[in-house]
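K.L.:
Sequence plus the predicted model coming up.
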Amino acid sequence: MLEAQARRVRWFAILAAGASALLLVLGAAVGSLGWEPLWDGSEAARAIVWDIRVPRSLGAWLAGALLGLAGALAQGLFRNPLADPYLMGSSTGAAFGVALLLVALGAAPGTATGAFAQLGLTGAGFLGAMAAVLLTLVLARGVQHTLRLLLAGVIVGVVFGALAALVMLWEPEVLRAMQAFLLGTTGLLGWTGALLLAAMLVLVLVAAVALSPALDALALGESAAASLGLPLASVRLGLVGAIALATGAAVAQVGLIAFAGLVAPHIVRSAVRPTHRALLLLSTLAGGLLLLAADVLSRWMLAPRELPVGVLTALLGGAYLLWLMHRRAA
């Protein structure tokens, strides 16, 4: 039984890694006009592939991997398969941070590109996400009670969402400047963003693997975990910190991407049913694969126009969950 499960885990990892590698190559070949040669011998083509398409595709995989990992951690922490990385208000907090920065700098439509986007949207999004998580912890009076933490996160998400809407209502031009962030985009990713995402993924993944035995114990219930000598407060704090860092980093770079963090662990469980250590690693691979596939598809489907990748993940993720509900109800 254990040997068969280990074999399924290995095959899932191999297939996910192989598909990701193939999609990275395809991502480098998808340009503004659809499929294009990777290199036609010119310096301009080499620069486009290496400086734009490759970091964008790699960054999309890394952002998806962070969301998939954060989703698996959130579902383990709350012991709820419908938990996603945004439950503690990080997404709306990031949107509020970006909206405030745009108003403060007097950003007009079309200015949120290039260097401005990398410094402004990334920094403001990350700080906003962290502020929302910290406020959630304050309202929940720490991490002692999971249910209180969940309810505080929902409240903070609603409040920050309302504040972001008020800012955009007060300064309507900000909405157009924020459009890419709100709909989700990988178009602003460069090598700097990809390297930041890679460093954050390594940091969070190490912490997550270290906490995976605690997640296995929490799956038995908090009373059972406490009876095993598990320091619940420290474990919850570590999990909340890992979720916040992973989600904040991803949202700051690619905006609001729906369903990737929720669906990735579901796909892994339906195929493998692993322990939490394997679940975290495989959800990382699955999340990266999902977002990279959506990114390549969003660039190719309507070329030369580009479909916002967050819209595509919402449609595909929603369709998958509806199919999953229908199959279980049948």
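P.N.:
Ah, there it is.
K.L.:
what number of residues lie near L58?
P.N.:
23 (other C-beta atoms under 10 Å). Glycine gets a C-beta too; all of them are placed from N, C-alpha and C.
K.L.:
And the contacts of stretch 134-147?
P.N.:
With C-beta atoms under 8 Å, 6 or more residues apart in numbering as the test, stretch 134-147 has contacts from 77-79, 88-89, 93, 148-149, 151-153, 155-156, 222, 232-233, 236-237, 240.
K.L.:
Are we agreed that A17 is in a strand?
P.N.:
No. Using DSSP: H, G, I helix; E, B strand; the rest coil, the assignment for A17 is helix, not a strand.
K.L.:
Tell me the buried residues within the contacts of stretch 134-147.
P.N.:
For the contacts of stretch 134-147, a burial check counting by 16 or more other C-beta atoms under 10 Å picks out L77, F78, M88, G89, G93, L149, A152, G153, V156, L232, R236, V240.
K.L.:
how near is the fourth one to S234?
P.N.:
What that stands for is G89. 22 Å (C-beta to C-beta, to the nearest Å).
K.L.:
picking up where we left off before, of the buried ones among the contacts of stretch 134-147, which belong to helices?
P.N.:
L77, F78, G93, L149, A152, G153, V156, L232, R236, V240 (DSSP state H).
K.L.:
ok, which pair from the residues you listed is furthest apart?
P.N.:
In those, two members sit farther apart than any others by C-beta to C-beta. They are G93 and L232, at 25.5 Å.
K.L.:
circling back to that earlier point, lowest pLDDT pick from the buried ones among the contacts of stretch 134-147?
P.N.:
For the buried ones among the contacts of stretch 134-147, the weakest pLDDT value sits at L232, with 77.
K.L.:
what's the distance between that one and G221?
P.N.:
L232 is 11 Å from G221, by C-beta to C-beta.
K.L.:
so who does the spatially most central residue of the chain touch?
P.N.:
What sits nearest the mean C-alpha location of the chain, by C-alpha atoms, centre = their mean, is L67, with 2.7 Å. Counting by C-beta under 8 Å, 6+ apart, L67 makes contact with P85, A246, T247, A250, I257, A260, G261, A264, G287, L291.
K.L.:
With respect to L197, which of the residues you listed is nearest?
P.N.:
Looking across the contacts of L67 and measuring by C-beta to C-beta, the closest to L197 is A250, at 7.1 Å.
K.L.:
shaky segments in the stretch 1-150 of the chain?
P.N.:
For the stretch 1-150 of the chain, applying pLDDT under 70 flags the ranges 1-2, 39-41, 106-121, 142-143.
K.L.:
Kindly recompute the last result at 80.
P.N.:
1-5, 31-46, 102, 104-124, 142-146 (pLDDT under 80).
K.L.:
With adjacent residues omitted, what lies nearest to L183?
P.N.:
Nearest residue to L183 in three dimensions, chain neighbours excluded: P308, at 3.6 Å (C-beta to C-beta, 6 or more residues apart in numbering).
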